[in-house]
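**Student:** just need the structure, nothing else, for what follows:
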Amino acid sequence: MSDTLQKLKELLVDRLRLKISPESITEETLFFGPDGLGLDSIDVLELVVGIKKEFGVEIADRPTAEKVFTFVGATVRFIDEHR
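**Tutor:** Below is the predicted model of the structure:
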């Protein structure tokens, strides 16, 4: 497992206070909806701040965020590409 993926999983659980373990999150895990983590827009804002702080990567606009926050693997790729 990549270092980015592990750090992102921990960031998701800690920063968003999710009641799941980081190990239960995979690259295929969706951010929204009943089959995913069930995040909302406030969670996404918190995640944007956390990613900037943890990885030094900025998600500057809504169209980018809509692509990046579909599933965990997409976010990992974005972080790795923009570090």
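**Student:** for the rest of this, base every contact and every neighbour count on C-alpha atoms.
**Tutor:** Fine.
**Student:** hmm, what's the outermost residue in this protein?
**Tutor:** Outermost residue of the chain with respect to the C-alpha centroid, by CA atoms, centre = their mean, is Pro34; its distance is 16.6 Å.
**Student:** and that residue, what element?
**Tutor:** Pro34 belongs to no helix or strand when assigned by DSSP states H and E.
**Student:** then the one 10 residues further on?
**Tutor:** Secondary structure from DSSP H and E places Val44 in helix 41-55.
**Student:** which other helices and strands contact that helix?
**Tutor:** Helix 41-55 sits against helix 3-15, with contacts defined as 3 or more CA pairs under 8 Å, 6 or more residues apart in numbering; DSSP states H and E.
**Student:** okay, the angle between the helix it packs on and helix 41-55?
**Tutor:** 130 degrees (axes from the mean of the first three to the mean of the last three CA atoms, to 10 degrees).
**Student:** convert the C-alpha atoms of helix 3-15 to PDB, please.
**Tutor:** The C-alpha coordinates for helix 3-15 follow below in PDB (Å, rounded to 0.1, in the frame of the first residue of the first chain):
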ATOM      1  CA  ASP A   3       2.300   5.800   1.800                       C
ATOM      2  CA  THR A   4      -0.100   8.400   0.400                       C
ATOM      3  CA  LEU A   5      -3.000   6.000   0.600                       C
ATOM      4  CA  GLN A   6      -2.300   5.100   4.200                       C
ATOM      5  CA  LYS A   7      -1.900   8.700   5.300                       C
ATOM      6  CA  LEU A   8      -5.100   9.700   3.500                       C
ATOM      7  CA  LYS A   9      -7.000   6.900   5.200                       C
ATOM      8  CA  GLU A  10      -5.800   8.000   8.600                       C
ATOM      9  CA  LEU A  11      -6.600  11.600   7.700                       C
ATOM     10  CA  LEU A  12     -10.100  10.700   6.700                       C
ATOM     11  CA  VAL A  13     -10.800   8.800   9.900                       C
ATOM     12  CA  ASP A  14      -9.100  11.300  12.300                       C
ATOM     13  CA  ARG A  15     -10.000  14.600  10.800                       C
END
